[in-house]
Each structure stands twice: as C-alpha cells, then as structure tokens.
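Trainee: I'd like to go over a predicted model; first the sequence, then the structure.
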Amino acid sequence: MRIVAESADPIRLSFLAALLNDAGIPSLQLDVHVSALHGGIGAFPRRLGVATEDHARALAVLRQAGQIKP
C-alpha cells in the first residue's frame, strides 16, 4: 500500500477516492478512526492509500485532475 494523499478534510479525501474509483483504481482511507476519536481537530490527518502497483497511475489521475502538485 502506498499513500497518495493526506488531509484532515474527509470530504476532500472522499472526492479524491471518487476520482480514483472512476479511473478504476481502488483506494482505502486510513486513520479514519484515530481522526474521529480526536474530534476532527486536525492533529491526525487521514490518509488515502492505493495498492503499490496502482501508485503511479493514481498519482497521474490526481495530477491530471489538478488535485496534487506536479
């Protein structure tokens, strides 16, 4: 598993996951429970991970959508 994005904003991560899903790339949100446990104060951002073999393609999809820096 490789991380493609981090954010304290669950809506943003859901959007990024939807972009990846539309491209046929499964993803998984990590640290969801830790972030919720601390009341969403932003101390523990959530991470979006993809399979190692999908990492390069996932980054390309997110770059093309303007969601991560080149």
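Mentor: That came through, no problem.
Trainee: please look at residue 19 and residue 63 and confirm they touch.
Mentor: No - with contact defined as C-beta atoms under 8 Å, residue 19 does not count as touching residue 63 (10.8 Å). C-betas here are computed from N, CA, C, even on glycine.
Trainee: neighbour-wise, which of the two wins?
Mentor: residue 19 (17 against 12; other C-beta atoms under 10 Å).
Trainee: please name the nearest non-neighbouring residue to that one.
Mentor: residue 65 (5.4 Å; C-beta to C-beta, 6 or more residues apart in numbering).
Trainee: where's the one you found relative to residue 47, distance?
Mentor: 18 Å (C-beta to C-beta, to the nearest Å).
Trainee: and the two? which has more neighbours close in?
Mentor: A count of neighbours by other C-beta under 10 Å puts residue 47 above the other of residue 65 and residue 47, at 18 against 14.
Trainee: three-state assignment of the most centrally placed residue in the chain?
Mentor: By C-alpha atoms, centre = their mean, the mean C-alpha position of the chain lies nearest to residue 48, the distance being 2.7 Å. Judged by DSSP: H, G, I helix; E, B strand; the rest coil, the three-state class of residue 48 is strand.
Trainee: that one: what's it in contact with?
Mentor: The contact partners of residue 48, taken as C-beta atoms under 8 Å, 6 or more residues apart in numbering, are 3-7, 13, 16-17, 20, 27-30.
Trainee: and what of residue 61?
Mentor: 19, 20, 23, 25.
Trainee: most neighbours among the residues you listed, which one?
Mentor: When neighbours are counted by other C-beta under 10 Å, residue 20 leads these with 22 neighbours.
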